[in-house]
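Coordinates only, no sequence provided:
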């Protein structure tokens, strides 16, 4: 089986202030594959911030719609791209709801201020539409991914769809840090909120595409393969 993993993510348009902000915070631009000087909140050195963002940097700035998966037997990247383009032709753009920097347990992320039915519907559609391309987890992978912290519904999602947080369990978020020591969480959230206000502010963002990412091998970070623009 190929080591490559694919994912369907929401990623802001690469020319948007939101994309530049997220990529700068993580120190990596998944559109170009280039590293960037980290945009660290006040009170954090560049070196410290690079360490605290190492885990999400590997995945690039995004919100998960279809979690990383290996290709099913017989499926190819070209097949996946064709399916992505077909999927996008049937959808229409909508405004991204207002976002805020929040703490999700021990990491900082951008989340929607209010629940968004269009985002939930888009996530559900992606989970189902791209499922035929997902190779099932091996028994060993499932055992590794199971957690006592998962609810019964989340365990069932993991076994059926390869990821616990789908459908009713979906929560839109764009991760900005790895797991932080508890005393650093409020400082990181406050500092990132100020940076978000400065660099993004009231700039509107649009959900006008879903984006295919690939990780060629565990040693490499995810990068963008293609953006499937809605209605085109």
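Structure's in. What do you need? All of these numbers come straight from a predicted model, not from anything done at the bench.

Can you tell me the closest non-neighbouring residue to residue 84?
What sits nearest to residue 84 in space, not counting adjacent residues and going by Cβ to Cβ, 6 or more residues apart in numbering, is residue 228, at 4.1 Å. C-beta: built from backbone N, CA, C; applies to glycine.

That neighbour should be in a strand, yeah?
Yes. Read with DSSP: H, G, I helix; E, B strand; the rest coil, residue 228 is one of the residues of a strand.

Assess the claim that it and residue 87 are in contact.
Yes. Between residue 228 and residue 87 there is a contact at 6.4 Å, judged by Cβ atoms under 8 Å.

Quick check on these two: which one has the bigger neighbour count.
The residue with more neighbours, out of residue 228 and residue 87, is residue 228; 20 against 17, by other Cβ atoms under 10 Å.

list residues touching both of residue 228 and residue 87?
residue 210 (Cβ atoms under 8 Å, 6 or more residues apart in numbering).

ok, back up a step: how about the residue nearest to residue 84, what does it touch?
Residues near residue 228 by Cβ under 8 Å, 6+ apart: 84, 85, 87, 88, 209, 210, 211, 212.

Now which of these would you call buried?
Under a neighbour-count criterion of 16 or more other Cβ atoms under 10 Å, the subset of these counted as buried comprises 84, 87, 88, 209, 210, 211, 212.

Which residue, neighbours along the chain excluded, lies closest to residue 118?
Taking Cβ to Cβ, 6+ apart as the measure, residue 118 lies nearest to residue 94, with 4.8 Å between them; neighbours along the chain are not counted.

next one: phi and psi at the one you found?
Backbone geometry at residue 94, expressed as degrees, to the nearest 10, gives phi -150, psi 160.

Give the bridge partners for it, please.
Using DSSP bridges, the beta-bridge partners of residue 94 come out as residue 207.

and which of the buried ones among the contacts of residue 228 is nearest residue 108?
In terms of Cβ to Cβ, no member of the buried ones among the contacts of residue 228 lies closer to residue 108 than residue 211, at 21.9 Å.

Right, I'll call it a day here.
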